[in-house]
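# What shape does this take:
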Amino acid sequence: MEAFCIAILEAASCGLLTVSTRVGGVPEVLPDDMIVLAEPDPSDTVRAITKAISILPKIDPQVMHLRMKKLYSWHDVAKRTEIVYDGALGCPNQNLIDRLSRHDTAKQNVTIELWLQCRNIFDVLSGSLRTGIF
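Numbering: from 1, shown residues only. Predicted structure coming up:
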């Protein structure tokens, strides 16, 4: 499942009203009047498709295409991506314990406890693999 579904953008760019499930980043991809969202449930998908069919006569594909052209451009996407990468490059390279220390003590203790439990399980499994138990 794609968090940001490019197929939805491509459909809207072609002037098509889109029906999609309300999962991941999909609800944020298009304005509400350009997409009909359904819960990930077959009966709600049927409801969304029925709603889309009733809206369809009011959709002007050319107008939708022009709106999409204003909403998204590869130049803007590249610019925003560059900003995210520049921000990531500017982050200090910290190990797990250093990163955990940024959180409050309660969260830190729970996270460290979970990490230690996972490590213990891994140690047991890897020992069992060496001895031929598994």
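
# where are the low-confidence patches of the chain?
With pLDDT under 70 as the threshold, the chain has low-confidence stretches at 1-4, 94-113, 115, 123-134.

# now do 50
With pLDDT under 50 as the threshold, the chain has low-confidence stretches at 133-134.

# Quick one: the strands in it, in order.
With strands called from DSSP state E, the chain shows them at 18-21, 35-38.

# Any chance of JSON lines for the ones you listed, columns mean neighbour count and distance to Val84?
Quick note: C-beta positions are derived from backbone N, CA and C, even for glycine. Output for these, formatted as JSON lines (neighbours: other C-beta atoms under 10 Å; distance: least, C-beta to C-beta, whole Å):
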{"stretch": "strand 18-21", "mean neighbour count": "20", "distance to Val84": "24"}
{"stretch": "strand 35-38", "mean neighbour count": "19", "distance to Val84": "24"}
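
# Tell me which of the ones you listed sits nearest to Asp44.
Taking C-beta to C-beta, strand 35-38 is the member of those nearest to Asp44, at 4.4 Å.

# one step back: JSON lines for the strands of the chain, including distance to Arg119?
As requested, those are exported to JSON lines (distance: least, C-beta to C-beta, whole Å):
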{"stretch": "strand 18-21", "distance to Arg119": "37"}
{"stretch": "strand 35-38", "distance to Arg119": "41"}
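
# Tell me which residues touch Leu37, please.
With contact set as C-beta atoms under 8 Å, 6 or more residues apart in numbering, Leu37 has these partners: Val19, Ser20, Thr21, Arg22, Val26, Pro27, Ala48.

# distance of the residue lying closest to the second one once chain neighbours are set aside from Lys58?
In this case it means Ser20. The spatially closest residue to Ser20, leaving aside those adjacent along the chain, is Val26, at 5.2 Å (C-beta to C-beta, 6 or more residues apart in numbering). Relative to Lys58, Val26 is positioned 22 Å away (C-beta to C-beta, to the nearest Å).

# No further questions, thank you.
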